[in-house]
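K.L.:
quick one, fold the following:
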Amino acid sequence: MSRPVPTRHEPAERFADDLLRRLDAAGERGLTSAELKLPSAGSRAGRACRGALQSLLRRGEIGNLGTAKRPRYVSIEYYRPLEIAYDHIAARAREAGTRLSSKTALAKGLSGAAKERVDEALKLLVAEGALLRLKWGVHPLYLHASAVSTRPKGHTANGIDAAALRRAYDDTVREFGYPDVLIHELHLRLGGELEPLKQALLDACRTGEAIPGVGDWSLSSENERAAALYVDGRPHLRIRFRR
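P.N.:
This next block holds a predicted model:
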């Protein structure tokens, strides 16, 4: 018996499923066009595969962290251009120490979708207090807040032992296996009053040592909500310290 002729949509469907599996395996690095190894653009399979790729992008199942000419596709789980820009800029500003940095200097090394979010990331870092925006001529310059910190060594600004706080954080990460931990879990480990801990965490966010995470408010308990940090009026249930 002769083999059935494939349907017109079969190559596209097979490619879409295969691409999603491969991007999941590639993680945050993703895959370039060359690494996708698409069939020839002039072939029926090649056209179907490229159509499937564009369909996945339109549906938001994958993202392009590169450019139109030099794409780098990632699973939507890893498509976080704003977070990439945020972390990159914060790290470069911290490395600069007391040196003032321009937007261009802070964005150096970013490309594609992350580079397009530089202005948004800068505004967020300034709003959170992690970066100081200084006027110098017609162009603003930036300084990491940690460069002007006067906090006593070994303690946060609110008297919380910094080493104990990091130990509690590390213990929580080990237990739950996820770097964004519930603030309520930190409080359970540290004990004491909640408000000084919250103020210490807000201070860590302002200096760029930690990043608040929104979490799932609808699934949170009353105690978890009580421990939330409010950044720009929005509650954040989780916290992640930088390594």
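
K.L.:
so which strand or helix has the residue nearest the centre of the chain?
P.N.:
Nearest to the geometric centre of the chain sits residue 83, at 3.1 Å (CA atoms, centre = their mean). Per DSSP states H and E: residue 83 is located in helix 81-96.

K.L.:
packing partners for that helix?
P.N.:
helix 103-107, helix 112-116, helix 118-127, strand 131-136, strand 139-144 (3 or more CB pairs under 8 Å, 6 or more residues apart in numbering; DSSP states H and E). Where C-beta positions appear, they are placed from N, C-alpha and C, glycine not excepted.

K.L.:
lowest average confidence across the ones you listed, which one?
P.N.:
The minimum mean pLDDT among the helices and strands packed on helix 81-96 belongs to strand 131-136 (a mean of 79).

K.L.:
what's next to that one, contact-wise?
P.N.:
Residues from elsewhere that reach strand 131-136 (CB atoms under 8 Å, 6 or more residues apart in numbering): 89-90, 93, 100, 122, 125-126, 140-145, 148, 208.

K.L.:
returning to that earlier point: now the residue nearest to the centre of the chain: how far from residue 114?
P.N.:
Distance, residue 83 to residue 114, using CB to CB, to the nearest Å: 9 Å.

K.L.:
now swap in residue 211 and tell me
P.N.:
According to CB to CB, residue 211 and residue 114 sit 16 Å apart.

K.L.:
please apply the same query to residue 96.
P.N.:
Residue 96 is 19 Å from residue 114, by CB to CB.

K.L.:
quick one, the one helix or strand residue 195 maps to and strand 131-136 angle?
P.N.:
Applying DSSP H and E as the criterion places residue 195 in helix 194-206. With axes from the mean of the first three to the mean of the last three CA atoms, to 10 degrees as the basis, helix 194-206 and strand 131-136 are set at 50 degrees to each other.

K.L.:
numbering from 24 from now on, please.
P.N.:
Will do, 24 is the new start, and the previous item becomes helix 217-229.

K.L.:
can I get the CA coordinates of helix 217-229 in PDB?
P.N.:
Provided in PDB are the C-alpha atoms of helix 217-229 (Å, rounded to 0.1, in the frame of the first residue of the first chain):
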ATOM      1  CA  LEU A 217       7.300  42.500  60.600                       C
ATOM      2  CA  GLU A 218       7.600  46.300  59.800                       C
ATOM      3  CA  PRO A 219      11.400  46.600  60.400                       C
ATOM      4  CA  LEU A 220      11.900  43.600  58.000                       C
ATOM      5  CA  LYS A 221       9.700  45.200  55.400                       C
ATOM      6  CA  GLN A 222      11.600  48.500  55.600                       C
ATOM      7  CA  ALA A 223      14.900  46.600  55.400                       C
ATOM      8  CA  LEU A 224      13.700  44.800  52.200                       C
ATOM      9  CA  LEU A 225      12.500  48.100  50.700                       C
ATOM     10  CA  ASP A 226      15.900  49.600  51.400                       C
ATOM     11  CA  ALA A 227      17.500  46.600  49.700                       C
ATOM     12  CA  CYS A 228      15.300  47.100  46.700                       C
ATOM     13  CA  ARG A 229      16.200  50.800  46.500                       C
END
